[in-house]
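Novice: Sequence isn't available, so here's the structure alone:
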């Protein structure tokens, strides 16, 4: 039976579109779905028809086994069933069956496009004898990176940020059954799949800071070997090892690996996508193309910034096509189709959600983008600058976040640029060299993915968002930044070897990595951590307050005097003190409170933040037998919160 790949794609697109149509109810939804289906089919028809006119196209007229065709249709049918079922299911429903169908759809598609032809032969002893040195090196670097991310993870950074606590509450909602679907958006428009992942450690060890943060520390540590494999495939073993070593000890990446935030998944998905893409290009392996598409789809289920990799891969495909023209198209067209199909299978539930609820899917983009929120117009009116000048300022600040401007956001809040002056200069040197070399007509095409990754991430996650520079939106750039530093070091050593005979390359590069390690680790663990900057003052207060309040709950009611800058509902406090009964005293006290503030048989804890501690005197007049407790910041002994406890 002879079936052309074009018709396989048409059949799959038809099943996909039919599922989208069946899964949407109502006239307006049906119209939207119809347009979506038309666009999908149009893309398939245009691209598929172009295959007919390529005389040397790969796989035209290839013989397709019946069982592969059956698996292909099964993948489309299962995807259709999933899309048909999802709109009718409640948020807190049981999605186990849907997840099973989702996994089966991907397996069926994998069997159709990349079936195992024979049992793989892998001889561990032979591999070990050939690669034991490299394995020990990268294994050691990964273990160092893991240690730096999990050591004292419950207390470094000290404060449990409000967003961390909110995401923790979402993980508890997953465990409690309030969130059943991993295919929707939750708090702050973040995909709920990340909360399902976050809930794994909480199920095992309970709702603690360490349990919340551990899953993301593992993601951060896994990014180190992924970076090595990806860079080694692009530019060789040595540069891959240098980049991985720099990333393992880079304070910027270490910090975000220690937070209960899904931002750290950005470099993970980015490195994985480029790794499989370039493996597929080099090996022409259907399996690698399959995983390249699946990884790009998987990124949709985590932080919004991970969607950047879709643009990076697309830009890289266009770049390679422009440089290689028909040769690239003929060699990889079939693989690109495989990747597209894998992307559709894996991303189908999230794509349907994006079509049905675009505001929720793009919530973070809509809130932070300066192009959509009217931010440019507001700034223009406030500063008198033109829109063009405001964009230039945005570009300048974002582009120099690693070299000149300190972090704006509280998630990190480092009071200095993200790189020290020495390696900041090397980064700029590597970035400039790579950009020029990648864009030259006969340049180094293996540099382009890192170049487009950095520039697109800087523009989309820096220049075009508010509050620049905000490091949480730039964490995806940690991998290309380390790559450019390593590239500059490598090129300088090569130049030195040309100028001076017998320059010892390995000791010099090793010394450079060790110097970077010393500066970076001192910046984070010695200079930054004791100051408790990360998370902001409210998070610091709530985290320090929780151990004092937990023994008093539920026998005491908490009266919180922190307005107008902090309230008892700040997410960190109710998360760390479950069952807390609190009341915000929003108006300043100008006289002693009445005795009926405290219920009979119940105690009270009055919590005073520094700007309202003078009101303690009025409370003492009404309740004179209480106990005062001051909580101080260890680094400067400044009082950050005062408690006055009245026993029942």
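Specialist: Now that the structure is in, tell me what you want to look at. No experiment lies behind these values; they were computed from the predicted model shown.

Novice: Which element is encountered next along the chain beyond the worst-scoring helix or strand of the chain on mean pLDDT?
Specialist: Every helix and strand in the chain was compared by mean pLDDT, DSSP states H and E; the lowest is helix 27-52, with a mean of 45. Once the chain leaves helix 27-52, the next helix or strand it forms, by DSSP states H and E, is helix 66-85.

Novice: which strands and helices sit next to that next one?
Specialist: If you count contacts as 3 or more CB pairs under 8 Å, 6 or more residues apart in numbering; DSSP states H and E, helix 66-85 packs onto helix 5-22, helix 96-113, helix 326-356. The C-beta positions use only the backbone N, C-alpha and C, and glycine is treated the same way.

Novice: Need the nearest residue in space to residue 593, chain neighbours excluded.
Specialist: Computed as CB to CB, 6 or more residues apart in numbering, the closest residue to residue 593 that is not its neighbour in sequence is residue 622, at 5.3 Å.

Novice: what's the answer for residue 462, then?
Specialist: Leaving out its chain neighbours, residue 462 is closest to residue 398 (CB to CB, 6+ apart), at 2.8 Å.

Novice: measure that neighbour to residue 470 for me?
Specialist: Distance of residue 398 to residue 470, computed by CB to CB, to the nearest Å: 9 Å.

Novice: Show me which of these two is the more surrounded one.
Specialist: residue 398 (24 against 20; other CB atoms under 10 Å).

Novice: In this structure that one contacts residue 468, no?
Specialist: Yes. Using CB atoms under 8 Å, residue 398 is in contact with residue 468, at 5.1 Å.

Novice: list residues touching both of those two?
Specialist: When contacts are counted by CB atoms under 8 Å, 6 or more residues apart in numbering, residue 398 and residue 468 have residue 462 as shared neighbours.

Novice: So residue 204 is in contact with residue 211, correct?
Specialist: Yes. Using CB under 8 Å, residue 204 makes contact with residue 211 at a distance of 7.1 Å.

Novice: Give me the more crowded residue out of those two.
Specialist: Just comparing residue 204 and residue 211: by other CB under 10 Å the higher neighbour count belongs to residue 211, 22 against 9.

Novice: Which element, helix or strand, includes that one?
Specialist: Following DSSP H and E, one finds residue 211 within helix 209-235.

Novice: Domain map for this protein?
Specialist: What automatic domain parsing lists as the domains of the chain is 135-260+367-531, 536-646.

Novice: got the buried residues for stretch 388-398?
Specialist: By neighbour count on 16 or more other CB atoms under 10 Å, the buried set for stretch 388-398 is 390, 391, 394, 395, 397, 398.

Novice: And it, how far out from the chain middle?
Specialist: 25 Å (CA atoms, centre = their mean, to the nearest Å).

Novice: Please apply the same query to stretch 184-202.
Specialist: Stretch 184-202 sits 12 Å away from the centroid of its parent chain (CA atoms, centre = their mean).

Novice: next one: stretch 284-300
Specialist: Put simply, stretch 284-300 sits 18 Å off its chain's centre (CA atoms, centre = their mean).

Novice: deepest of the domains of the chain, which one?
Specialist: Among the domains of the chain, domain 135-260+367-531 has the highest mean neighbour count (mean count of other CB atoms under 10 Å), at a mean of 20.

Novice: avg pLDDT for that one?
Specialist: Averaged over domain 135-260+367-531, pLDDT sits at 94.

Novice: What of stretch 277-290?
Specialist: Stretch 277-290 carries an average pLDDT of 94.

Novice: in it, what counts as buried?
Specialist: Buried residues in stretch 277-290, counted by 16+ other CB under 10 Å: 277, 278, 279, 280, 281, 285, 286, 287, 288, 289, 290.

Novice: can you put those in a markdown table and add distance to residue 600?
Specialist: Converted to a markdown table, those look like this (distance: CB to CB, whole Å):
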| residue | distance to residue 600 |
| --- | --- |
| 277 | 69 |
| 278 | 72 |
| 279 | 71 |
| 280 | 72 |
| 281 | 75 |
| 285 | 74 |
| 286 | 74 |
| 287 | 71 |
| 288 | 71 |
| 289 | 72 |
| 290 | 68 |
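
Novice: Relative to residue 241, which of these is nearest.
Specialist: Comparing these against residue 241 with CB to CB places residue 278 closest, at 17.2 Å.

Novice: residues in contact with that closest one?
Specialist: Applying CB under 8 Å, 6+ apart to residue 278 gives the contacts 230, 233, 234, 449.

Novice: which element is the last one on?
Specialist: Residue 449 belongs to helix 448-458 when elements are defined using DSSP H and E.

Novice: and that helix, what does it pack onto?
Specialist: Where contact means 3+ CB pairs under 8 Å, 6+ apart, helix 448-458 is packed against helix 265-283, helix 308-324, helix 421-439, helix 478-499.

Novice: gap between it and the chain center?
Specialist: Using CA atoms, centre = their mean, the offset of helix 448-458 from its chain centre is 16 Å.

Novice: Now do it against helix 308-324: the angle between them, please.
Specialist: 140 degrees (axes from the mean of the first three to the mean of the last three CA atoms, to 10 degrees).

Novice: What are the contacting residues of helix 448-458?
Specialist: The contact list for helix 448-458 (CB under 8 Å, 6+ apart) reads 234, 270, 274, 278, 305, 308, 311-312, 315-316, 319, 398-399, 431, 434-435, 438-439, 474, 476-477, 479-481, 483-484.

Novice: Many thanks, I have nothing further to ask.
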